[in-house]
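turn this into a model:
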Amino acid sequence: MVPEWATEVVESDDDFETQVLNLGPSHPATHGTIRTVVRLDGEVITRAECEIGYLHRCFEKMSETHGWNEVIPYTDRLNYCSSMINGVGYALGVEQMLGIEAPPRAQVVRLILSEFSRIMDHAVCLGANLVDLGALTNFWYFFQPREEIYSLLEACAGGRLTVSYTRIGGLAHDVPADFEDRVRFLLGYIPKFIDDVDKLITRNRIFRDRTEGIGALSAEEAVAWGWTGPCLRACGVPYDLRRVRPYLGYENYEFDVPVATTGDCYARYLVRLEEMRQSLRIIEQAIDRVPDGPVITDNHHVALPPKSKVYSEMEALIWHFKLIYDGIKVPAGAAYSATEGANGELGYYLVSDGTGHPYRIKVRPPCFAIFQAYPQMLEGHLLADAIAILGSLNIIAGELDR
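Numbers count the residues shown, from 1 in each chain. Below is the predicted model of the structure:
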């Protein structure tokens, strides 16, 4: 795809002051398959147009031929930097349609691992953005705690990046015996790395020159574009679904919603950095509230019965067979489930026709709304600023293209 204005500019520019440049889809600074065509007047961007879809994997269509639980591994591959949040949001929507809730223990574990996933996502976003701006050291500062969190996820789920740990009605299995010790270790381990990056970067003159006033959007513009998450809060709008429409018991935890006012790259950095601290604050409260009990519902229409009963009770064997053969039968109807993903509101519109697989799933990825504003944000900025702006938006291609 070449925009019509691209050829028009090249043909009419006799002095060769204007040029058209293609960034991506394979470009190191895009951190994914995203293409941007920009028109330059010297080093200043005068017009831009973006093209998406290079990582489209038919998530919504494939879901129509899979069972309700079988969709969960596909949700992991939306925002693969914080896959736990994706699965939890989807499961909450299906549970809403079924009229069930996960057991209290499963809800608290979901919350803890979701907040750790948020920390990892912000660490990747800030670390990669700083690498693009020439500050490699901070990337390694952030990746050390990220690896420790991955080890926790691996101990719980068996996977590191795409965990597939969530199930309709709870979790795949219980957490390891040393779960609490691992979480408390991370609560004492991670803050040092956040503080180190804060000291290195927040008041760094080079970093501030590259980010302050760059890619700024007003609160009104951000709302008009449909922004959510850290990018919206950086514009001064304190909208967080964990506060506005709580789930997983977030209303019972004390935490702040970080906001900034300038809406530029620097503000987005500050909001994400503080959100990492607030996530730790939530986890610190949650780890003291993990109750005993099961991590999956005892509803035999939803969850497989324990193996001990399958081997000894005829009814359990029958329900095991029916669930494996027919899958979960979700009542006909529709529901919308929205959770606060690392990039903003991650929504699932679910439609069931009463069979063992979804009739339709529509995903509202936060990146999609955020990326719409990217061409407008580039205009009037230097070419080098385009990289700073894109990194601050944290566009995840898997979530954007689905």
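
and the strands in the stretch 151-300 of the chain?
Remark: strands assigned in the stretch 151-300 of the chain by DSSP state E, counting those that start in this stretch are 166-167, 170-171.

contacts for the first one, please.
Okay, so that is strand 166-167. 69, 72, 84, 87, 88, 90, 91, 110, 172, 296, 303 (C-beta atoms under 8 Å, 6 or more residues apart in numbering). Where you see a C-beta, it was placed from the backbone N, CA and C, and this is true even at glycine.

among the strands of the stretch 151-300 of the chain, which is nearest residue 49?
strand 166-167 (37.6 Å; C-beta to C-beta).

give me the sheet partners of that closest one and which way each runs.
Paired strands of strand 166-167, with direction, are strand 170-171 (antiparallel) (DSSP bridges).

put the alpha carbons of stretch 65-79 into CSV.
What follows is stretch 65-79 as a C-alpha-only set of coordinates in CSV (Å, rounded to 0.1, in the frame of the first residue of the first chain):
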residue,chain,number,x,y,z
THR,A,65,-14.4,-23.7,15.7
HIS,A,66,-12.9,-24.3,19.2
GLY,A,67,-14.4,-25.1,22.6
TRP,A,68,-14.8,-22.4,25.1
ASN,A,69,-11.7,-23.5,27.1
GLU,A,70,-9.7,-24.1,24.0
VAL,A,71,-9.9,-20.4,23.1
ILE,A,72,-7.7,-19.5,26.1
PRO,A,73,-4.3,-20.4,24.4
TYR,A,74,-5.3,-18.1,21.6
THR,A,75,-6.0,-15.2,24.0
ASP,A,76,-2.5,-15.6,25.4
ARG,A,77,-1.2,-14.6,22.0
LEU,A,78,-2.9,-11.2,21.8
ASN,A,79,-0.7,-9.2,24.2
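
gap between it and the chain center?
15 Å (C-alpha atoms, centre = their mean, to the nearest Å).

same check on stretch 384-401?
Its chain's C-alpha centre and that of stretch 384-401 lie 13 Å apart, by C-alpha atoms, centre = their mean.

quick one: end-to-end distance for it.
Stretch 384-401 has an end-to-end distance of 25 Å (criterion: C-alpha to C-alpha, to the nearest Å).

closest to residue 247 out of the strands of the stretch 151-300 of the chain?
The nearest among the strands of the stretch 151-300 of the chain, by C-beta to C-beta, is strand 166-167 at 13.2 Å.

distance of residue 131 from residue 219?
Going from residue 131 to residue 219 by C-beta to C-beta, to the nearest Å gives 29 Å.

just checking, next helix/strand downstream of the one helix or strand residue 48 maps to?
In the assignment (DSSP states H and E), residue 48 maps to strand 44-51. Next helix or strand after strand 44-51 toward the C-terminus (DSSP H and E): helix 59-63.

could you chop this protein up by domain?
4-51, 59-298+327-401 (automatic domain parsing).

would TSV of those with distance to residue 311, mean neighbour count and mean pLDDT be doable?
Conversion of those to TSV gives the following (distance: least, C-beta to C-beta, whole Å; neighbours: other C-beta atoms under 10 Å; pLDDT from 0 to 100):
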stretch	distance to residue 311	mean neighbour count	mean pLDDT
domain 4-51	47	15	72
domain 59-298+327-401	18	20	88
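
can you list these in CSV and add distance to residue 317?
Below are these laid out as CSV (distance: least, C-beta to C-beta, whole Å):
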stretch, distance to residue 317
domain 4-51, 47
domain 59-298+327-401, 16
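
okay, helices next: where are they in the stretch 301-402 of the chain?
Under the criterion DSSP state H, counting those that start in this stretch, helices of the stretch 301-402 of the chain are mapped to 307-310, 314-326, 366-372, 374-378, 383-393, 397-401.

residue 49: which of the ones you listed is closest?
Short answer: helix 374-378, nearest of the helices of the stretch 301-402 of the chain by C-beta to C-beta, at 5.8 Å.

residues making contact with that closest one?
36, 38, 45, 47-50, 215-217, 385-386, 389-390, 393, 395.

do the same with stretch 61-75
By C-beta under 8 Å, 6+ apart, the list of residues contacting stretch 61-75 reads 59, 83, 86-87, 89-91, 94, 162, 164, 166-168, 327-328, 330, 356-361.

of those, which belong to strands?
Those of the contacts of stretch 61-75 mapping onto strands are 166, 167, 360, 361, per DSSP state E.

hmm, residue 32 and residue 390 touching each other?
No. Using C-beta atoms under 8 Å, residue 390 makes no contact with residue 32, being 9.9 Å away.

quick check: closest non-adjacent residue to residue 383.
Nearest residue to residue 383, sequence neighbours excluded (C-beta to C-beta, 6 or more residues apart in numbering): residue 43, at 5.5 Å.

please name every helix or strand in contact with the lengthiest helix in the chain.
Using DSSP state H, we find that the single longest helix of the chain is helix 104-132. Secondary-structure packing of helix 104-132 (3 or more C-beta pairs under 8 Å, 6 or more residues apart in numbering; DSSP states H and E): helix 83-98, helix 137-157, strand 170-171, helix 179-201, helix 265-286, helix 383-393.

that one to helix 383-393, inter-axis angle?
170 degrees (axes from the mean of the first three to the mean of the last three C-alpha atoms, to 10 degrees).

distance between helix 104-132 and the chain's centre?
The answer for helix 104-132 is 8 Å, by C-alpha atoms, centre = their mean.

now it against helix 265-286, angle please.
150 degrees.

angle of helix 104-132 against helix 179-201?
Going by the same axes, to 10 degrees, helix 104-132 makes 20 degrees with helix 179-201.
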